[in-house]
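Engineer: Take this sequence and fold it.
(2 chains)
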Protein chains: 2
Amino acid sequence: MIVVHGASASPFVRKVLVALAVKDLPFEQIQQIPFARDLVYRKINPLEKIPTLQDGELTICDSTVICEYLEDAYPQSSLYPKNAVDKARARWYEELGGTRVAELAAGIFFQRFMRPMVLKQETDEELVKKIVNKQLPPMLDYLECQVPTEGFIFGDFMIADISLMSPFVNASYAGYEIDSARWPVFSDFVGRVKSHPVVNKVLEAEAVLMGRR
Amino acid sequence: MIVVHGASASPFVRKVLVALAVKDLPFEQIQQIPFARDLVYRKINPLEKIPTLQDGELTICDSTVICEYLEDAYPQSSLYPKNAVDKARARWYEELGGTRVAELAAGIFFQRFMRPMVLKQETDEELVKKIVNKQLPPMLDYLECQVPTEGFIFGDFMIADISLMSPFVNASYAGYEIDSARWPVFSDFVGRVKSHPVVNKVLEAEAVLMGRR
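Structural biologist: Numbers count the residues shown, from 1 in each chain, chains lettered A, B, ... in the order given. Now for the predicted structure:
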């Protein structure tokens, strides 16, 4: 049985949950929090990040490493394109979604959701403004030119689509929505990915956990 | 013709240079510096990091995405194991080498090499002590149990070996060497990877660029 360690509201765990759903793989999930100084968890993930995946004797960390493994080990319903050039482009989008895009979205999420709702601290509104007005726009300008006006990036729904959408779920918990007048193509794309039946089901389950349903 | 954008002394560029050498692929290199506010470079890499690889019409960023592409497009002399479980383990080591291990080594390199030698600033010795005495040891304890006492991680010399070694080249520019009494297995392993003929040639060329030969 596959075991996923990681809280559902993480953009990285969400990516893995969608990948498992696309491949229709049964699994058990442990709602592990990252950086919790949990000595048992540290043994399986020295970085104390989430997610970690266990499959039989194998223990691997990092959502990208996990999704690549799922693709290799369970090739049904491909998550990555087959040809080398498209696969490279898909990996680059996955990397971008998991680094800069995730960092910016996490900044908004932390300030406007975690601090007031969980940590009972004040939001640093200056920092949020900097992210929303200065740091995100060049990235959204770039993404606006990368995604299609219809359908998904490589035709079929794949990891690149999930990766670029996932951070914006966290941003939306914090009240941020992409300005559809300024970035109509990317805004529509994110909406289309969220509405994909597999993603929608994962998001519905997450909403229940987050107390939103 | 393949073009690599990135300065040779980057642990990530070095990884790609070794990968290209393993596969015996001809390429042109531009000694691009990261975060240089270079508007031309920003168009091909929105993160302004290095390396970026161009191969015909394809432009991709991130050393892992690049090495995966080289493996897919030029399958001679494999950089990754073939079976799914070992490939996943290899990717995890590559991820670890490129994240936490690289960050810690970069901290030493920045404080003890870049600040005094390039930026004409003082080294923050407290920060270096924290990295060397507190942050690196648990990582080295982990790595000590992951690498073999002889040969390379997956038998043949591969990306996992390069990835775990590369950050320590930068640390060594800053005078840091792994304590071989405390971590004999990992220390030997790093030495063995550096001595591999392909790596040695890349390191020799780098030493010339760094004014060390």
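Engineer: in chain A, which spans are helices?
Structural biologist: Remark: helices assigned in chain A by DSSP state H are A:11-22, A:39-44, A:63-73, A:84-98, A:100-109, A:125-130, A:136-144, A:159-173, A:184-195, A:197-209.
Engineer: Same list, the ones you listed, but as JSON lines with distance to chain B, mean pLDDT and mean neighbour count please.
Structural biologist: Using the backbone N, CA and C atoms, a C-beta is placed for each residue, glycine as well. Putting the helices of chain A into JSON lines (distance: least, Cβ to the nearest Cβ, whole Å; pLDDT from 0 to 100; neighbours: other Cβ atoms under 10 Å in any protein chain shown) gives the following:
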{"stretch": "helix A:11-22", "distance to chain B": "12", "mean pLDDT": "98", "mean neighbour count": "25"}
{"stretch": "helix A:39-44", "distance to chain B": "9", "mean pLDDT": "88", "mean neighbour count": "12"}
{"stretch": "helix A:63-73", "distance to chain B": "4", "mean pLDDT": "98", "mean neighbour count": "23"}
{"stretch": "helix A:84-98", "distance to chain B": "4", "mean pLDDT": "96", "mean neighbour count": "22"}
{"stretch": "helix A:100-109", "distance to chain B": "6", "mean pLDDT": "96", "mean neighbour count": "21"}
{"stretch": "helix A:125-130", "distance to chain B": "18", "mean pLDDT": "96", "mean neighbour count": "13"}
{"stretch": "helix A:136-144", "distance to chain B": "5", "mean pLDDT": "95", "mean neighbour count": "17"}
{"stretch": "helix A:159-173", "distance to chain B": "12", "mean pLDDT": "97", "mean neighbour count": "25"}
{"stretch": "helix A:184-195", "distance to chain B": "14", "mean pLDDT": "98", "mean neighbour count": "18"}
{"stretch": "helix A:197-209", "distance to chain B": "22", "mean pLDDT": "96", "mean neighbour count": "16"}
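Engineer: so which of those helices comes closest to residue B:131?
Structural biologist: helix A:39-44 (18.7 Å; Cβ to Cβ).
Engineer: In terms of residue numbering, what are the domains of chain A?
Structural biologist: Using automatic domain parsing, the domain parsing of chain A gives A:2-73, A:84-196.
Engineer: will you turn those into CSV that also has distance to residue B:191?
Structural biologist: Shown next, in CSV, are the domains of chain A (distance: least, Cβ to Cβ, whole Å):
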stretch, distance to residue B:191
domain A:2-73, 23
domain A:84-196, 31
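Engineer: Nearest to residue B:155 among those would be which one?
Structural biologist: domain A:2-73 (18.1 Å).
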